[in-house]
Structure formats: C-alpha cells, structure tokens
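Asker: Sequence and predicted structure, then a few things I'm wondering about:
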Amino acid sequence: MKRPLGYGATAAAAAAVASVTLGDFRAGQLSLFLSLAVLAVSLDLVWGYAGILSLGQLLPFGIAAYTTARIATAAPALTLPGLLVATLVGATVAAGVGVAAFRRRPTPVVIGLLTLVLSLTLEQVAEQWRDVTGGFNGLTDVPRITAFGSEWSDSTQDLFISVVAVAVITLVGLLATRPIGAVLIGIRDNERRMEALGYDTVALKVWVFTVGGAVAGLAGALYVHRTGFVSPQIFGFALATNVVLWTLVGGRGTIIGPVIGTLAINFASATLADVWLQYWTLATGVIFVAAVALVPEGLVPSLLRVAGRPPRRSRDLPLLATAPATAAGNGSAVFEATGVDKSFGFFKVLDGVTLTMDKPELRCLIGPNGAGKSTLLDILCGQQDCQNGSIIMLSRDCTGLKAWEFARHGVSRKFQSPQVIGSLSVAENIAVAAWGADPSPWRLTFAAWEARVLPASLRILERTGLDARAGSGAGSLSHGDKQWLEVAMAMAAHCRVLLLDEPTAGMTAAESLAAAELLREVHTDYRLPVLIVEHDMAFIRAVADRVTVLARGSLVADGTVAEVENAPEVVAVYGGVDR
Amino acid sequence: MDALTLELLNGASLFAILAIVALGLGIVFGLMGVINLAHGEFVMLGAYVAYVVHTVGLNHWLSVPLAAVVLFVLGVVIEVGLIRRIHRQPELTILATFGLSVCLRQIAELVFSKDFQSVPNPVPGATEAFGVLFPTYRYLLIAIAAVVVAATLLAFTRSRFGLVVRAIVADRDLAESAGIRTGMTNLCAFGVGAATAGIAGALVAPLGAVEPQAGLAYLPGAFLVVIVGGYNRLWGVAAGALTVAAVQTGVIHFYDAVWAQIASLALAVLVLQFRRPTPAGAVA
Amino acid sequence: MRLEATDLRSGYGTVPVLHGVSLTVSSGEIVALVGRNGAGKTTLVKTVLGVLRSTGGALHLDGVDITRMPPSRRVRAGLRATFQERALFGALTVSDNLRLSGFGSESHDRVLDAFGPALSGRGSQRTGTLSGGEQKMLAAAIALATDASLLVMDEPTEGLQPSNVALLGDHIESARDAGRGVLLIEQHLELAKRLADRFIVLEKGEVVDSGPAADPDLAARVARRLLI
C-alpha cells in the first residue's frame, strides 16, 4: 500500500518538475505519451492481471475521445466534468462488450479477435457517420481544457495531463496491490480453481474489463485535449498494434512495465521516425514478432528475472483464525445425490448413481479407471452438470447450480492434479481462498491486506510446515506441498463438506500414510465430512470410515473397508473375472 | 429481372474470392489451430505478384501459379521460423501473426510505395448470358475459384494427405503414434493455406487497386471463421467461412461495406451466445 | 531389437509421475508390467512412445538414443504402442484407421480376420461405433500386424470377453515366437502369468520388484501387491 503511493507521489512530482523545466516541446511530448501510457496500463489491467487478451482497448479510448471532443466543442466550460463523463462512457462501453463477450467463456483468441474486429468496425462507422464524427477527417480544433473561466495554455494543460496520468497510473498500481489484484491474478492463472473457491469469475472479468474501460476512457479524454483532434484512425489497426506492443514489450502483469514500454518506444519513435521514417513502422513490426517469439513475458519481468528477482514480489500477509459459521450435518444428511445420469456422446459414464452421506464421515470412493469417479465428484460440486438426477447438498437442492454457487454453499473441492495459483505466495493462495467468503470486487478493493481463515485450514498449514514458508511462491513448491496447499485452500472459507480427488497422487507410500493421519485428525477435530476418490488401498484402509465402490457408472458395493474388500462383486470388478 | 441477375453474378464473383481466402484460413486454423492474422497480407502479396508479372510484361495468367508458389515458399519460411515455435500457444500465435501483418504491410510499402497500383484486365470485354452482359473475366474468376476450392477440398478429403490431415486434426498424438510426421504436415498445411491466399490475390488484382493495406479487409472474415466454424473441424471452419462470405457479399451488395461488417459482427456475437461454453480452466 | 529405459522420469505439467524407471525389453520376450491404478504404467507407455516428454533419464532402441525423437520417428525405428484409451480415430472408418497405419487396401481383410468373425468385413464402419471391446481388438490387431519389432501394449484385454482374451494371448505369444519383443501392461493377472517371461512391478512411479515369471515367490508378491 505504501510503496506504490510513495512511488506515485514521487513520479507525479517528477512529471510536474519535468513539465515545467523541459520546455514546451518536450513537456508536450511527455503529456501525450503519458496519456498513452494510461491506455497501456488499462490494457495491462485486463490482460496482464486478469488474463483477458483485449486487442480492442481502443474501443472505450476512442469513443471517450469523440465524446470529449463533442463536449469540449459544444460547451467549453464543461471540459473538467467532461473528463468524468468520458471515464463513465469508457466504463459503459467496456461493460457492454464484456457482457456480450465473456458470458460463454470464449477462448482468449476469440476475445482478442472480437475486440479487434469491433474496433476496426467502429473505425469504418466513424468514417461514415459524418454528422456525429466529422467523417474521415474527424473532429478538429478541439479546445484545451477550460477551468476557472479561461481556456488553459498548452503548458498548463501539459502539466495537468502529466500529473493526472501519473495519478491514474498510481491508482491502478494501488488496485493491483489490493486483494482484488491477487484475485485477478488467480483468475488469470487458474480460473477453474477460483470458481471452486466461490468466485463468479465471469462477473469479475466483466468488472475488471469495465474498470479497464473507465481508465481507457479517461486516457482518451486526456489524449484528445492534448492533440486537439480525433479521427477514425483512433480505432485503427496502427494504434491497436502499438498499444499491445508497448504493453507486451514493457511487460504485462507489472504496472511499471507498460509505462516504461510506452514512454521508451514513443520517445524512440519520435526521435527515430525523422531519420528513419520509412523503416520505423517495419521496425515496430519486427520488434513485435521478436518480442512474442523471444521474450513473451516482456522486458521488465525478464530483466528482473535475470537480476535474480521474481517479476512480482510474493508477499506474506497475516492469516487470522475465524470461527466456522455452523457445524455441518446437524441431524440432516450431508449430501444426497439421487439417480445421477451422465453421458458423453453415446458413452454413459454414470448410470443412475445414488450416493448419500448421512452423517459427517470419511468416505472413500473407489473403482477401476473409467468407473466415473471423477465425473461424480465433478457433479457433486457443480463442475459438471448431470443429465438426470438431483443433488441435495447440506439440506439444499443444488441441482443445476454453478460451481461457485456450490462453493459458497460450503462444498469445497480439491482437484486431481494440484491447482494452486503459481504466481502468488503460499499465504496469498490461502488468502485468495479465504476472501472467497465475500468476493464482491468493491470489498476486495478496500478490504485490509489480511485474511480470516477457518482453523482447519490453518491446522493443515501448520502440520505440513507450509506456514513457515508463507512468503514463498506457490509455483516453486514441490508436488506434495502443492497438494497440501490446495487442501488448505479448499478448507480456508465456507467449507462444510470437502471433496478430494486423489489427494495422494504423486506421494510416496509413507507420505500417503501421513496424509491419512492428518485428514483423520482434521475430520475428527472439526467434524468435517470428507469424500475422497482414491486408488491407494493402504491409504484407504488408514483413512476411511466407509468405502463405496463404483464400476462402469454404477454403484457396486458399499460398506467398511473389510466388508468391501471381500465382497464378491468387488473382487469381480478388480479381478477381471467378468471380462 | 436483369438487374437482379447482374446483382447475383456480381455477388457470385465476390463470393468466389472470399471462398478461396476463407479456405486458406480454414486449412491453417482447422489443421493447426493457428489463427493467422496475416492471412489478408498473404492475399495482398499475391496481388503484388500479379502486379510484378504485369510490369515485366508477362501474361497475367502466369501470375496465378506464380503467386501460389511464392506464397507457398513464404508460408513455409514463416512456419519454420516463427509459427513452429509457438503454435501450441494460441495467444502467442495471434500476437505473432498480428505483428507479422504489420511487417508484411510495411515491406510492401517500402518496396512498392503506398500508391495504388493497377493490373489491367487480361480478358476485357463482356459475355452475354442469362440475358445480361457480364464481364468475361469475372465469369472466369468464378470458374477458377470453384475449381480451386473444389480441388483443395477434394485433396483434403479424398487423398491420403487429406486422411492424414483429418487424423492430425482429430488427435495429433495418436497420429504421431501411428508413424505420421505431423510437423511435416503442418508445414504443408501452412504452405498450402498461404498459397491459396496468393491465388486469391492474383485473381482479384485486376478488379481493384493493388495496395499495401488491401489485406486488412479480410480480417473480419478471419475472426468469424473462428467463431462460426468452431474448433478443429475443417468442414465446420469451411462452412463457417462460407456463411460469412455469403452474408458479407449479400449485405455489401444491398447496403455497403460498413453494414456488411456490422452484420457479420452481429452474426458472430449471436453465434457466440449459443456456443457451448469452453470449460473454465481451458483458458489457463 | 532391445528397448532400454534408464532412470526415466516424466509427468504431467509440474506433476512428476515416473521417478526414475529403468527397464529393458528384448526381442523374443514378453515383459509384463504390472501395478495398481495410478502407479504410472500408462505414463510409462506414453513416455516410451514419446507422446509425453521425458523430464529426465534416457531411452535407447538398439543403442540409438531416442529420448528426444518425436513419436513418428520412434515408430519408423520399429517401436509401436497401443494405448489404453483413445487408441484409434473414432471419427474415421475402420479402413481409414488401417490406411493411416500404412496398410494398403489389399491387406485389410487379413488384419481384420485375425480375430475371427468379430471384425471381419467391417472396414467401412465408423470406428467410434464399434463396441469398446471391438475397438480394443482392432487396435491390438493393427499393432500386431505391423512390422514393428517392439510392441508396447497398454491393457489390451480390458473389456474383452474371455474367449477373445485367450485369442489375443495366442497372438501375442506368436509375436514373441516370431522374435518380437513385447512390453505388456496387464491387470488381468492370470493372463500376464501365462504369457510373461519376466515381471516388472511398478508402484508410485518406481520399479519396486521384478524377476522371472517362473519364480513362485515373485508371483505371490505380485499377487499380494495387486490385491485391490
């Protein structure tokens, strides 16, 4: 919190001093390039942080620029409020695009192309719609900002634009250090994990796209006041390419990277274009291709890495214990899945499976490969829909709900291969999981840099020694540590029933037995119902109260480990007698 | 009645060109999962091949096979030098080809200048049929496009190469395990995709201006191919591209290019709302 | 022909599955690789064929280092595998699957007739519409009919009826007798005991036991380890 504010204040002061001392020409360049840097930072927020490849960040930028130009021409006295209007226009445009684009979770390629084509289409619309946009030549002679009764001079306006731009960049930088910043990185790195923690990731993406749109809108307003005109090319391919280039070369996922990228390339371009006129555009294209092929993460992160520092500082934060809301299974069943059918094409994976857990217990679900175990687990936590059947979880009919709704209702899930947020620290992973208890973007923006975690989760961290490594990056943990980190994440907030998919995969035999012991301890101490899909019989013998056997999409047997092991149906399934 | 016939014939000739362009995009995307944002620039370069052939005084028809060869070679070079390194990361391929399109446009500008060049019609005059006079060259164009599209589709569906391609589309690892060299096939696919773009460029050169920015017009098509056509199915991609070509040519004729682009955008957004959502996590 | 894996390591993404597996398979022998689900058997098959990149160790085929070769080159060098899942192109016809593996149309009937009437004359059928067991037989039939000198078969009998299991066993034996090497992943212990010359037991991505199949102690240990 303090660092970005300090940097921001220093940078704003430096920009102000530079504006005053550099002379009109350089000060003008600085304010122009800083307003473009705001645009690059808005792209960085949606692309670098939230992972949304937007090639159409010019959409809110350009529309806001046109809006500002019309306002400034029609009512010069309203230019300052006009900046706010431009910000709102940018936000609205982006929100509309976000809702239309993200709902069905298209791939990054589709989103990139959609936003690019939208922008290029708008270029043509702006050329045609002469009454409003001035056609091909655009709107010229846009007045400078007017305030306190008079139109500002160029140098006053340059100073204002530079300082505002630095302030906005600082605000975005602050946002990135808030809990919401870590949550956005979580969505970028692992959207599925975030959904299973209770985040409505589609809504959050629309939110960040809207915020990015607002920032781009303000950038557009500053830009148009600085240049004094706006033409359809503001939506065009050239600028679209460039803003991606600045962000890409500087280093997305850092705030300073795109700012440096924008300033460096633009000052270079302004200097070299005179000498090199013909070749400069070609050079930008070549830099673009080379950056993608050679340093896809960008210069600033690459240089930091070479210098032995991670591009993003993994941070520790206080993890405070909080009391669980209610104990699970007070008399009523933990879950009841009834008559669940699931087919993929013609292949029936689950055929009328009924699985219930009447009281909090440690239950193992076993069966040969292809029995449908993971699919059943997916259905029990909303990761997949079932074709028929009903799912009652913790006394509520959850059939057809989404994964994040299951999670908020108390159904926690650990995936088969460990899904942690590699770019975040161990503590941040737990915090992101804990914040899932109340994941509104505004709260995540203003909440304190600490997390309230259920005690069961803290117990896991403590027993596995992960608490001692709270500040290390989760991506560099060993496989076994990642498994435990994910278990602790699943238990960090609103966890009232825990589903584990092969928690001992990749563990040695000794580690598996230790895992069984720890799970039993947590289960006993917190009365936490647990359903585990496993193959490892030694682990199952050590951990399970009860075992359910699934084969070819149907339940085959159910009972204690000893009962199941000797049941003829089970021997038949595993021994291959019926083949 | 005659006016309508003329409109239909005009539409058919534009559709013919778009069909070849879409075909090339569809091959590259359907086979390799690479969306090539520089495909329009390949078309533009094909047109410049026709321009060069004209300036050195050779027969225009020579430019069609020549453009195919030149672009095939360029495609192979780009596949080996760039696409091969990144083709499993869709986000990087889209950015790389984005940058590539800037390079190709700028190289064309440096070599040929920004000026609009023209290539004379090799078959001036008109042919009377269906009760109307219609430029003979456009008739030829429709015929050639039909042959190129049919031959390419046949090659991809009937020959062993086509079978291999479909196998790779279905399951690359399994194809490798059957002894198929998928890298080699990718090379050919990217080359053939580029070659068809070159053919389209050479054919369309006498109809309009030859200029560095000419390829940009094909970009919306690329996008719509991805959405309408779905993933990794050559026929779906081809069908999607053809739908888009039909919508665009239709609307262009009755309104104008802007409305055509808006219409195809609207179509794409609509299709997007009905697409099966990709599972969360597929993004990461 | 001799396949040699030395300290082979691999996994999925950051998840290690094989923690250094060493084994050899030579011409004229059947080596049964057994182990419970999740032991890493399928991962081993994929790594040996090269569909999965190894993260450490080496693979040699007749002394030639194939560790970094793409699967297609390994196949051309004489290695061939059948996978447990997705072993064929379901969207293509049976004949197309045969063509992809290099069989001219004149040899199709010969391959299809190898398993008795089950597959005969079904060349024009879409492979995905065959039953699971029939697809298994087809995949095995294709692999056995190629001229590959080293076969790696991942659970080829899964889903087969007993008579066909026996038939497939006969085919694998005659492949061995013809001088080919077979690495057989098999959970069907009776069949593995009948066919194998040697056993290798995999557990948690490591070889935990191995020896000649004739050793009664080993057979007892294997049975105990595989008990569900």
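Answerer: Yes, it's here.
Asker: Break chain A into its domains for me.
Answerer: As assigned by automatic domain parsing, chain A contains the domains A:2-233, A:333-409+A:498-504+A:529-579, A:411-495.
Asker: hmm, the helix or strand in which B:Arg166 is found touching chain C?
Answerer: B:Arg166 is part of helix B:160-170 when elements are defined by DSSP states H and E. Yes: using Cβ under 8 Å from any Cβ of the partner chain, helix B:160-170 reaches chain C at B:Arg160, B:Leu163, B:Val164, B:Arg166, B:Ala167, B:Ala170. The C-beta positions use only the backbone N, C-alpha and C, and glycine is treated the same way.
Asker: Would you pull up how far that helix lies from the middle of the chain?
Answerer: 20 Å (Cα atoms, centre = their mean, to the nearest Å).
Asker: any idea which helix or strand comes after that helix?
Answerer: Next element after helix B:160-170 (DSSP H and E): helix B:172-177.
Asker: For that following helix, the averaged confidence score.
Answerer: For helix B:172-177, the mean pLDDT works out to 88.
Asker: for stretch B:63-78, same thing?
Answerer: On average, stretch B:63-78 scores 95.
Asker: For it, which residues meet the burial criterion?
Answerer: For stretch B:63-78, a neighbour-count test (16 or more other Cβ atoms under 10 Å in any protein chain shown) marks B:Ser63, B:Val64, B:Leu66, B:Ala67, B:Ala68, B:Val70, B:Leu71, B:Phe72, B:Leu74, B:Gly75, B:Val76, B:Ile78 as buried.
Asker: Now intersect the residues you listed with the strands, please.
Answerer: Members of the buried residues of stretch B:63-78 lying in strands (criterion: DSSP state E): none.
Asker: where does the stretch 201-350 of chain A have low pLDDT?
Answerer: A:310-314, A:325-331, A:345-347 (pLDDT under 70).
Asker: Kindly report the same for chain A.
Answerer: Short version for chain A, where the test is pLDDT under 70: A:1-2, A:310-314, A:325-331, A:345-347, A:368-370, A:506-509, A:573-579.
Asker: could you pull out the strands for it?
Answerer: Counting by DSSP E, the strands of chain A are A:146-147, A:150-151, A:319-321, A:335-344, A:347-357, A:362-366, A:388-393, A:396-397, A:411-414, A:451-453, A:497-501, A:530-533, A:546-551, A:554-559.
Asker: any chance of those in CSV, with distance to chain C and mean neighbour count too?
Answerer: Formatted as CSV, those follow (distance: least, Cβ to the nearest Cβ, whole Å; neighbours: other Cβ atoms under 10 Å in any protein chain shown):
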stretch, distance to chain C, mean neighbour count
strand A:146-147, 56, 16
strand A:150-151, 59, 12
strand A:319-321, 24, 15
strand A:335-344, 12, 18
strand A:347-357, 9, 18
strand A:362-366, 8, 24
strand A:388-393, 23, 18
strand A:396-397, 34, 12
strand A:411-414, 14, 28
strand A:451-453, 25, 23
strand A:497-501, 12, 24
strand A:530-533, 11, 24
strand A:546-551, 9, 22
strand A:554-559, 11, 18
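Asker: Relative to A:Leu263, which of the ones you listed is closest?
Answerer: strand A:146-147 (26.8 Å; Cβ to Cβ).
Asker: Quick one: residues in contact with the closest one.
Answerer: By Cβ atoms under 8 Å, 6 or more residues apart in numbering or on different chains, the surrounding residues in contact with strand A:146-147 are A:Ala72, A:Pro76, A:Ala77, A:Thr79, A:Leu80, A:Trp152.
Asker: Need the max-distance pair from those.
Answerer: Among these, A:Ala77 and A:Trp152 lie farthest apart (Cβ to Cβ), at 12.7 Å.
Asker: Those two: which has the busier surroundings?
Answerer: Taking other Cβ atoms under 10 Å in any protein chain shown, A:Ala77 and A:Trp152 do not tie; A:Trp152 has more neighbours (18 against 12).
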